[in-house]
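*Asks:* coords please:
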Amino acid sequence: MAQTDYYKSLGVEKTATADDIKKAFRKLAVKYHPDRNQGDSAAEEKFKEINEAYAVLSDPEKRKQYDTFGSSDFHRQYSQEDIFKGFDFSGTFRDMGMGDGGDDIFSRLFGGAFRRSSGGGGFRRGPQRGADLTLELDVGFREAALGGEKLVAFRRNGVREELKVRIPAGVDNGSRVRIAGKGSDGENGGPSGDLFLIVRVAHDPVFSRDGGDLFVERTIRFSEACLGVSLEVPTLEETRRIKVPPGIQPGTKLRLKGCGIKTPGSNAKGDLYVKINVHVPEGLNSSQKKLVEEMARAGL
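*Replies:* Predicted structure coming up:
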């Protein structure tokens, strides 16, 4: 089911009391009940929507999580099984004077055979794998390139957890790091889902990156471009000295082989490219101007 605003689904404000929510749900449940709208698929979808909304907003803890984290984050943490856990369909419809067919309605609309759970209402299905969770993880540029460990906090089954995770060397923007078994709990003996960390790599003031290759820029004077020069260049782990050949052209890239980033899952490294820029002074003093004029007369 597409994620919707549960308050809008029931036609109430976020400040609505539990009694307001209950009254709104009962009114809509009567209107869209499948037995009164047979063959109407739109009414059936609306009935599913308001039941899901009521299952969350009538539960103080689930409502608190929904209000705190919003619809998107809430649905990353709660599967549909989590949402309906403990929700007594039969009791709800009995209270409304609509018989004891809540479980049958749920089975028909939401799919899957289930039975009343012992003593708690709601439902129980066969073993079901828990939902996967996703979490965006911000890492520094060098941290992503070299790898490391990071402490992450997330909510699992409605409870805050902290976990130290290993960041593989070489991860890039959008990389997914899988933490097995740290998703939502399974149902009725089913396995837990997984936690997926979606990596967001911070900008670096020195380096840029394309896959495993790194790029850095260095600016030299015009005389150095003509005569050549030796430069110190940073890499991720140390400083290297390179020779810029005489007559180098602006924009030329010099390669340092194997000084880039390791490819995840292998020991192969990319290269580091040093882009050479040539500085043209914006103002010259008299002696500098004379020298440039002499160079011009000499054909330079």
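*Asks:* any chance you could map the strands in the stretch 51-200 of the chain?
*Replies:* Per DSSP state E, counting those that start in this stretch, the stretch 51-200 of the chain carries strands over the ranges 115-117, 121-124, 133-139, 148-156, 159-167, 176-179, 195-201.
*Asks:* List the contacts of the fourth one.
*Replies:* Residues outside strand 148-156 that contact it (Cβ atoms under 8 Å, 6 or more residues apart in numbering) are 65, 69, 77, 133, 135, 137, 139, 143, 160-167, 182-184, 195, 197. In short, each C-beta sits where N, CA and C put it, glycine included.
*Asks:* cutoff 7 Å now
*Replies:* When contacts are defined by Cβ atoms under 7 Å, 6 or more residues apart in numbering, strand 148-156 is touched by residues 77, 133, 135, 137, 139, 160-167, 182, 184, 195, 197.
*Asks:* mind listing what that strand pairs with, with the direction of each?
*Replies:* Partners of strand 148-156 in the sheet, by DSSP bridges, are strand 159-167 (antiparallel).
*Asks:* in the partner strand, what's buried?
*Replies:* 165, 167 (16 or more other Cβ atoms under 10 Å).
*Asks:* What ranges does the stretch 1-150 of the chain have for its helices?
*Replies:* Secondary structure of the stretch 1-150 of the chain, counting by DSSP state H, counting those that start in this stretch: helices at 6-10, 18-32, 41-57, 60-77, 80-84, 89-95, 102-110, 141-146.
*Asks:* I'd like these as JSON lines, with mean pLDDT, distance to Asn188 and mean neighbour count appended.
*Replies:* As requested, these are arranged in JSON lines below (pLDDT from 0 to 100; distance: least, Cβ to Cβ, whole Å; neighbours: other Cβ atoms under 10 Å):
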{"stretch": "helix 6-10", "mean pLDDT": "94", "distance to Asn188": "26", "mean neighbour count": "20"}
{"stretch": "helix 18-32", "mean pLDDT": "91", "distance to Asn188": "27", "mean neighbour count": "16"}
{"stretch": "helix 41-57", "mean pLDDT": "89", "distance to Asn188": "18", "mean neighbour count": "19"}
{"stretch": "helix 60-77", "mean pLDDT": "84", "distance to Asn188": "20", "mean neighbour count": "16"}
{"stretch": "helix 80-84", "mean pLDDT": "77", "distance to Asn188": "9", "mean neighbour count": "20"}
{"stretch": "helix 89-95", "mean pLDDT": "62", "distance to Asn188": "18", "mean neighbour count": "17"}
{"stretch": "helix 102-110", "mean pLDDT": "59", "distance to Asn188": "15", "mean neighbour count": "17"}
{"stretch": "helix 141-146", "mean pLDDT": "92", "distance to Asn188": "39", "mean neighbour count": "20"}
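*Asks:* right, and these - which one's nearest Cys259?
*Replies:* Smallest distance to Cys259 across those (Cβ to Cβ): 11.2 Å, for helix 141-146.
*Asks:* can you count the residues close to the residue nearest to Arg221 when sequence neighbours are not counted?
*Replies:* Ranked by Cβ to Cβ, 6 or more residues apart in numbering and with sequence neighbours excluded, the top spatial neighbour of Arg221 is His279, at 5.7 Å. Neighbourhood size, His279 [other Cβ atoms under 10 Å]: 12.
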